[in-house]
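J.: This is a predicted model, with the sequence first.
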Amino acid sequence: MTEELARAFQWHQTGRLAEAEQAYRGMAAHAPERADVQYLLGVLLVQLGRAAEAETHLARVLSLSPGHADAAYNLGVARQSLGNWRGAVSAYRLALRLGADYPDVRLNLGAALQELGQFAEGELAYMEALALKPGDPGILGNLALLLKATGRFEEALAAYDVAVAAAPQRIDLHLGRAGAFKEVGKLEDALASLEAALRIDFSSPEAHNNRGVVLNDLERAVEAKAAFEQALTLKPTYAEAAGNLGNVLLGLGQIEAALRSYDQALELKPELANARFNRGFAHLLMGDYERGWEGWEGRFTLKDMQGFHLDGPVWDGRIPLNGPLLIQAEQGFGDTLHFLRYVPLLARRGVEVVIRCQDSLTGLVARSFADQARVISQDTPAPPYAAWLAVASLGHRLGTRIDTIPADMPYLKADTTLVSAWKNRLGQGGPKIGLVWRGNAGFKGEKRRAPGLAPLDSLVRANPQLRWLSLQRDPFRQDLFDLGLGEFIEDLGDGADPMTGGDFDKTAALLETLDLVITSDTAVAHLAGALGLEGWVMLSSAPDWRWGRTGDATPWYPSLRLFRQTTPGDWSGVVQSLAVAIARRFPDSPPP
């Protein structure tokens, strides 16, 4: 090393980077063939965050000195900084071939492979790095991130446990561990990890934001709101925190404030899919369908809906079509039942409709639209079609407004033979009230949107003269027996019963024989409404958009009556209102 290069290198090591850069550049201009100068200049530029410039010099090193392993490694670092993951992988692999067999090469190789979705190879790189440096918290943290990305959350937690024990002051490990706990439903443990992170650095916006998410999942909305506000105080440009604040405000019924938060989030980060969708949801809830539908269409950009697409053009709402329109089910049973109301409208406009829906709906749907559509199971291939549309997009494509909702009831028709069979089975005793207290167990917000059976215990016991019939399916059917209500409520939720299990045709026929159905926000509510039957729907304080913000009626289903929760988590007011309504509806029942 020449005296000039040694002086520049000393400046480099002691943080006098501007002087070092100037010196390196002077030497490189004078002797461009010197690989050692090009290398040190490239490393310096990587340190300064000027990766594109660094890449040029490091590539030059390798052209001058093809066996320079450290140059290959640093070239990988520069490319990784530029998001050139494939180029980074190539450089790291070259570095390994040239003998740069130290942990950071394999660590960075694993990270680049992970970004490319090459998880198996990335995991192997991390394991090789750990073999060279056992128990290293940085390598374990990266491995845990990969394990989370591949759904192996328990393994990720095991990696985080070792990493946190080795480096308890690393906030990123506590944040990652909290995320893994959240994924497996261990919300209290997630909260504890986030609070540990905040003890390390209370000024971390990410820790406050993530704590708010967990608190909201724990139904501690007021605390969640404060956490998101703290995150935004620390980082006013934190778009995700603004979107999350909108979510908690929406749950608290503060819809105008929620909309302001969503607007803020999208101004900061227009591509934020959750905020765009949730803003659309809020507009729909307020009855502003014109703005709401546009955001509602953003559901296809959400994580759970990504990849939902069929071949061929998506219908844009124009008529006529040069062939059939395929209507494709997309989410839950309730959404399908709700939006199929548009089929008669399409048929009247001369559209040839093919409905591709959940298998358990095909019998009911085929009968109901026998003269208006062809119906097939979504488990079978679609026939040829001119265009397709997801069923829940029909409102948007047909320009529905709050005052133009198609509400010609009923639009579903039960099987008369099955209805007769149910009448024979149930006999004349009554009044008969069907009861459903929970919906889809896999729905994230199910616990929040449905009361469960326990709050209804007193209502059932106080009205023994009514014939209570449980339509509840597993796994919540067991509540009936756990609460000792088997002698008060007849169990009609056995999936193995040939008259109840299998499909919605049987449920529709059963509903036709009842005097009333009382249900939470479930597919049964949509089924009763679409059949034009009397139903009472128990709604949480943060209802789905189609039930609206206020009132005891919905233009979507004129035969349904809504019973709204006023305080999050407290169903006592709903039960009291039901008791009064039952006394009026069935005068022989005792006063509440």
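T.: Nice, thanks for sending it over. Only a predicted model underlies this, so the values are computations on that prediction, with no experimental measurement involved.
J.: where does V517 land in three-state SS?
T.: Put simply, V517 is strand when judged by DSSP: H, G, I helix; E, B strand; the rest coil.
J.: same thing with L345?
T.: helix.
J.: Give me the local confidence score for it.
T.: On pLDDT, L345 comes in at 96.
J.: show me what contacts it?
T.: By CB atoms under 8 Å, 6 or more residues apart in numbering, the contact set of L345 is L398, P406. Every C-beta, even on glycine, is put in place using the N, C-alpha and C of the backbone.
J.: which parts of the helix or strand bottoming out on mean pLDDT in the chain are buried?
T.: Lowest by mean pLDDT, DSSP states H and E among the helices and strands of the chain is helix 446-449, with a mean of 84. Of all the residues in helix 446-449, those buried under the rule 16 or more other CB atoms under 10 Å are E446, R448, R449.
J.: D288 versus the first one, what's the distance?
T.: Noted for E446: a distance of 27 Å to D288, by CB to CB, to the nearest Å.
J.: what's the answer for the last one, then?
T.: Here R449 is placed at a distance of 22 Å from D288 (CB to CB).
J.: now do N84
T.: 44 Å.
J.: who's more crowded, those two?
T.: Counted by other CB atoms under 10 Å, N84 and D288 do not tie: N84 has more neighbours, with 18 against 15.
J.: got the contact list for the nearest residue to Y73 once chain neighbours are set aside?
T.: Among residues not flanking Y73 along the chain, A95 sits closest, at 4.1 Å (CB to CB, 6 or more residues apart in numbering). Counting by CB under 8 Å, 6+ apart, A95 touches A69, D70, A72, Y73, G76, V105.
J.: The first one against A100, yeah?
T.: So that's A69. Yes - A69 is within contact range of A100, at 3.8 Å (criterion: CB atoms under 8 Å).
J.: State the three-state secondary structure for the nearest residue to I402 once chain neighbours are set aside.
T.: Nearest residue to I402, sequence neighbours excluded (CB to CB, 6+ apart): G287, at 4.5 Å. Secondary structure for G287, judged by three-state DSSP, is coil.
J.: quick one: G287 and Q254, what's the gap?
T.: G287 is 17 Å from Q254, by CB to CB.
J.: same thing with Q358?
T.: Taking CB to CB, one finds Q358 at 35 Å from Q254.
J.: tell me the contacts of the closest residue to A390 other than its chain neighbours?
T.: In space, not counting the residues next to it along the chain, A390 is nearest to E330; the distance is 4.4 Å by CB to CB, 6+ apart. For E330, the contacting residues are M305, F308, T336, A390, V391, A392, by CB under 8 Å, 6+ apart.
J.: Let's see that with 7 Å instead.
T.: Counting by CB atoms under 7 Å, 6 or more residues apart in numbering, E330 touches F308, A390, V391, A392.
J.: Highest neighbour count among the residues you listed?
T.: Result: A390 is most packed of these (other CB under 10 Å), 25 neighbours.
J.: re the thing from before, show me the contacts of A95 that map onto helices.
T.: A69, D70, A72, Y73, G76, V105 (DSSP state H).
J.: May I see the buried residues of stretch 83-100?
T.: Within stretch 83-100, judged by 16+ other CB under 10 Å, the buried ones are 84-85, 87-96, 98, 100.
J.: Report the distance from that stretch to the chain centre.
T.: Computed by CA atoms, centre = their mean, to the nearest Å, the chain-centroid distance of stretch 83-100 equals 36 Å.
J.: For the remainder of this discussion, apply numbering that starts at 754.
T.: Yep, numbering from 754; the last one is stretch 836-853 now.
J.: Show the average pLDDT along that stretch.
T.: Here the average pLDDT along stretch 836-853 is 95.
J.: mind saving the C-alpha coords of that stretch as CSV?
T.: Coordinates of each C-alpha in stretch 836-853 appear next as CSV, following Å, rounded to 0.1, in the frame of the first residue of the first chain:
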residue,chain,number,x,y,z
GLY,A,836,-33.2,-4.1,-4.7
ASN,A,837,-31.4,-6.1,-7.4
TRP,A,838,-31.9,-9.4,-5.6
ARG,A,839,-30.9,-11.7,-8.4
GLY,A,840,-27.7,-9.7,-9.0
ALA,A,841,-27.0,-9.8,-5.3
VAL,A,842,-27.4,-13.6,-5.2
SER,A,843,-25.0,-14.0,-8.1
ALA,A,844,-22.4,-11.8,-6.4
TYR,A,845,-22.7,-13.6,-3.1
ARG,A,846,-22.4,-17.0,-4.7
LEU,A,847,-19.3,-15.8,-6.6
ALA,A,848,-17.8,-14.6,-3.3
LEU,A,849,-18.3,-18.0,-1.8
ARG,A,850,-16.7,-19.7,-4.8
LEU,A,851,-13.7,-17.4,-4.4
GLY,A,852,-13.3,-18.3,-0.7
ALA,A,853,-15.2,-15.6,1.2
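J.: between Q1111 and Q1007, which one's more packed in?
T.: Q1111 (18 against 15).
J.: State the distance from the more buried one to A994.
T.: In terms of CB to CB, Q1111 sits 37 Å off from A994.
J.: Now L1078: phi and psi?
T.: Dihedral angles of L1078 (phi, psi; degrees, to the nearest 10) stand at phi -100, psi 120.
J.: which ones are touching G932?
T.: K901.
J.: Now it. Its backbone dihedrals?
T.: phi -60, psi -40.
J.: how much space between it and L1038?
T.: 29 Å.
J.: try L1222
T.: In terms of CB to CB, L1222 sits 32 Å off from L1038.
J.: again, but for R1337
T.: Counting by CB to CB, the gap from R1337 to L1038 is 29 Å.
J.: who has more neighbours, those two?
T.: L1038 (21 against 8).
J.: need the contact list for the more buried one.
T.: I1008, W1298, G1301, R1302.
J.: Now intersect the residues you listed with the helices, please.
T.: Short answer: the contacts of L1038 in helices (DSSP H) are I1008.
J.: Out of the contacts of L1038, grab the one that's most surrounded.
T.: G1301 (20 neighbours).
J.: Leaving out sequence neighbours, find the closest residue to that one.
T.: T1307 (6.0 Å).
J.: Likewise for G1183?
T.: According to CB to CB, 6+ apart, the nearest residue to G1183 is R1220 (5.3 Å).
J.: Could you do H821 as well?
T.: V814 (5.4 Å).
J.: So which of the buried residues of stretch 836-853 belong to strands?
T.: Residues of the buried residues of stretch 836-853 located in strands (DSSP state E): none.
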